[in-house]
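Based on what follows, work out the 3D shape:
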Amino acid sequence: MQLVHHRTAEVHGVRVAYRESGPADGPVLLLLHGFPTSSHQFARLMDALGDTSYRLIAPDYPGFGRTEAPDGFTYTFDRLADIVEGLTDVLGLDRFALYVFDFGAPVGLRLAARRPGRVTGLIVQNGNAYEEGLSEAARAFAALRREVPGDEERVRGLFTPDGVRFQYETGVADPALVSPDGWTLDVHYLGLPGRADAQADLAFDYASNFAQYPAWQAWLRAARVPVLVVWGAGDPFFTPAGAKAYLRDAPDAEVHVFEGAGHFALETHLGEIAPLIGEFLTKLP
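I've put the predicted structure just below:
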């Protein structure tokens, strides 16, 4: 097991917190978390990959975890990608593999499309980039509009303890396997000053990602990087059809759909997923 260091870096006026482990001169795996969590979601995975030669880096986005953004920061997916891209520049990460989950998919795939050739491999875990991967619940959520009475209240319902726990446990065959540590920590961070407002802004910006799907798919076709897809079948937001859709643009992708796992598949299936990731990393250039 390798030690995990908790560091910060200044990026465009944002104090970005990130976790790092592994050799400083090793190839890089950039781990991009989802909503409503933070780099904490990768803590167990980073331990499980302790024998890898990779340098693992997992940042918290603005509005999440321990990252501190200034007043007036604009919370959109474009801006989240700006900050993560800036972090890669500050840390001198010229080439890296990507692990994208949930919100991490629109953040990471923006990076890939902006600078083709930087990404050496792609690991997708319940990170959608295809229309067919959107459940009815996801489509309904993306259709909410701030100016429509009642819609903001529906969005903010996901920030409550019950709303956060729902995201962790829905679709899981045995919810007792889901540690409460993750979702209760998320509730803590969501309760910090300004965090709920930031998350509401991102929720209402989520539909902007759909117009980016063709560009991300085009990058996959052109880049031809190795792709590993691992997916919780019980995800209430992103269906297994979204996992299999990656084969359309990356026909050599390795796709694994786990029955009994939900949106946060690592919570219940780390033992099955970590070895797949470890083996995948050994195949990358």
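
just the helices in the stretch 151-285 of the chain please.
Counting by DSSP state H, counting those that start in this stretch, the stretch 151-285 of the chain has helices at residues 151-156, 161-169, 180-190, 195-205, 213-223, 240-249, 265-282.

Single out the most deeply packed of those helices.
Comparing the helices of the stretch 151-285 of the chain by mean neighbour count (mean count of other Cβ atoms under 10 Å), helix 240-249 ranks first with a mean of 20. For the C-beta atoms, the positions are set from N, CA and C on the backbone; glycine is no exception.

which helices and strands does that one pack with?
For helix 240-249, the packing partners by 3 or more Cβ pairs under 8 Å, 6 or more residues apart in numbering; DSSP states H and E come out as helix 213-223, strand 227-232, strand 254-258.

what's it in contact with?
With contacts defined as Cβ atoms under 8 Å, 6 or more residues apart in numbering, helix 240-249 is touched by 124, 126, 128-130, 132-134, 217-218, 220-221, 227, 229, 231, 233, 253, 255, 257.

So residue 47 versus residue 274, what's the distance?
Per Cβ to Cβ, to the nearest Å, residue 47 is found 9 Å from residue 274.

what sits in contact with each of these two?
Between them, residue 47 and residue 274 share no contacting residue, judged by Cβ under 8 Å, 6+ apart.

Can you give me the neighbour number for the closest residue to residue 64 other than its chain neighbours?
What sits nearest to residue 64 in space, not counting adjacent residues and going by Cβ to Cβ, 6 or more residues apart in numbering, is residue 38, at 4.8 Å. Neighbourhood size, residue 38 [other Cβ atoms under 10 Å]: 25.

Phi first, then psi, for residue 38.
Phi and psi for residue 38, reported as degrees, to the nearest 10, are phi -160, psi -170.

swap in residue 18?
When quoted as degrees, to the nearest 10, the phi and psi of residue 18 stand at phi -150, psi 150.

List the residues that contact it.
Neighbours of residue 18 in contact, by Cβ under 8 Å, 6+ apart: 6-9, 39, 57-60, 87.

out of those, which are inside helices?
Here DSSP state H is the test, and the contacts of residue 18 give residue 87 as lying in helices.
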